[in-house]
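*Asks:* Let me see the structure of the following:
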Amino acid sequence: MNPKICFAKTLACAALVAALSNTGAAVGADFEWKFFTYFGGNDLPTNMHRSFAEDLTKATNGRLKVTVFSGGELPYKFSDVLRLVSTNQVQMGDVAVGLNAGELPGLNVFDLPFLCTSFDGFYRAAAVVAPSVDSALQGKFGVGSLIHWTMPPQQIWLSQPTKGIDDLKNRKIRNWSRMHVDMLALFGASAATVNAAEVTVALERKVVDGAITASIPAYDWKFYEVAKYGYMLNFQMSHQIVAVNQAELAKLPPDLQKIVRDKSVEWAPKYQKIIEDGEVAARRRLSEKGEQLITPTAADLEKARTLTKPLWDAWAKQGGSVSQQMLVAATAACLK
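*Replies:* Next comes the predicted model:
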């Protein structure tokens, strides 16, 4: 073959390959984000986050691709999420304020036992305290808030039956916040830290006698096999935030930034409904699987409230004026 023709063909082929490559890049994602949640791969919150992420990807015509990674898919714990988003190891994350009380001192007002015990109360109070939390996240960590949401009320799930608060004495119970440690101590119990993905195994192996979590994870984690007694104290609503790395959000073109923010507003009530409906379904399914849901007596509820009330005052005093104002505002909103 004529060398000149061969050379010409080579150049033509190279140009064709380059053209095809450029075309592929144009229709592919311009921005790819990771979204980490510490919940398990099949847990309801993870599937909820996936639906939100898929809607973001679809709304941007694939220019922004958001992929959700669950606990177990990436080597991180529930207490790592704020740091991961802040350092841009992931661009979005499911941040629990109560798991970051050390980094966000005086802002974990929803950790206080029996402050907010209903969805309506939480969302009223969250609207009041969100500006303070958002300001701290942005100022200290460069992290923005897209959606504030909550899991159902927290309960104590036990491998052995209980007749009341006094029966919690000497039991070792998995917790997920510092406030739980103090609360359990007042009940005469001890606290143990166990990562979400390992709770069921810890109960099965009797490393712990019980665990604090909401009804949705209790069902997702098959507590009906290893912790057949749910002591339904309804003592706390967790404060969760779908968080975003602010610098990465700012890198998006203005139209994509607007889509992210508009979709977050659209999905906030969807998060609330998915979780509320999920709790109803989880309680029903737990009962169908043989879980005994134990309703505390009025006397036990009053005793639990009385025992834990000093935690409110200690928390507000330690946090200073900001915490004190937040407690007053949140209490008024929760009880409205």
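
*Asks:* Where does pLDDT dip in the protein?
*Replies:* Applying pLDDT under 70 to the chain flags the ranges 1-27.

*Asks:* Do a quick rundown of the strands in the stretch 1-150 of the chain.
*Replies:* Along the stretch 1-150 of the chain, counting by DSSP state E, counting those that start in this stretch, strands occupy 31-36, 64-69, 92-96, 143-149.

*Asks:* What residues of the first one count as buried?
*Replies:* Buried positions in strand 31-36, judged by neighbour count with 16 or more other CB atoms under 10 Å: 33, 34, 35, 36. Backbone N, C-alpha and C define where each C-beta goes, glycine included.

*Asks:* what residues are up against the third one?
*Replies:* Residues in contact with residue 35 (CB atoms under 8 Å, 6 or more residues apart in numbering) are 49, 53, 66, 67, 68, 69, 90, 91, 92, 93, 94.

*Asks:* Closest to residue 278 out of the residues you listed?
*Replies:* Closest approach between the contacts of residue 35 and residue 278, by CB to CB: residue 49, at 13.1 Å.

*Asks:* Any idea how many residues pack against the closest one?
*Replies:* 26 (other CB atoms under 10 Å).

*Asks:* Helix, strand or coil: sort out residue 174 for me.
*Replies:* Applying DSSP: H, G, I helix; E, B strand; the rest coil to residue 174 yields a three-state assignment of strand.

*Asks:* partner residues bridging it?
*Replies:* On the basis of DSSP bridges, residue 174 is bridged to residue 192, residue 211.

*Asks:* Isn't it up against residue 193?
*Replies:* Yes - using CB atoms under 8 Å, residue 174 is in contact with residue 193, at 7.3 Å.

*Asks:* what about those two, which has more around it?
*Replies:* Set residue 174 next to residue 193 and count neighbours by other CB under 10 Å: residue 174 wins out with 26 against 14.

*Asks:* In contact with the more buried one, which residues?
*Replies:* Taking CB under 8 Å, 6+ apart, we find residue 174 in contact with 191, 192, 193, 194, 199, 202, 203, 208, 210, 211, 212, 213.

*Asks:* Distance of residue 50 relative to residue 43?
*Replies:* 11 Å (CB to CB, to the nearest Å).
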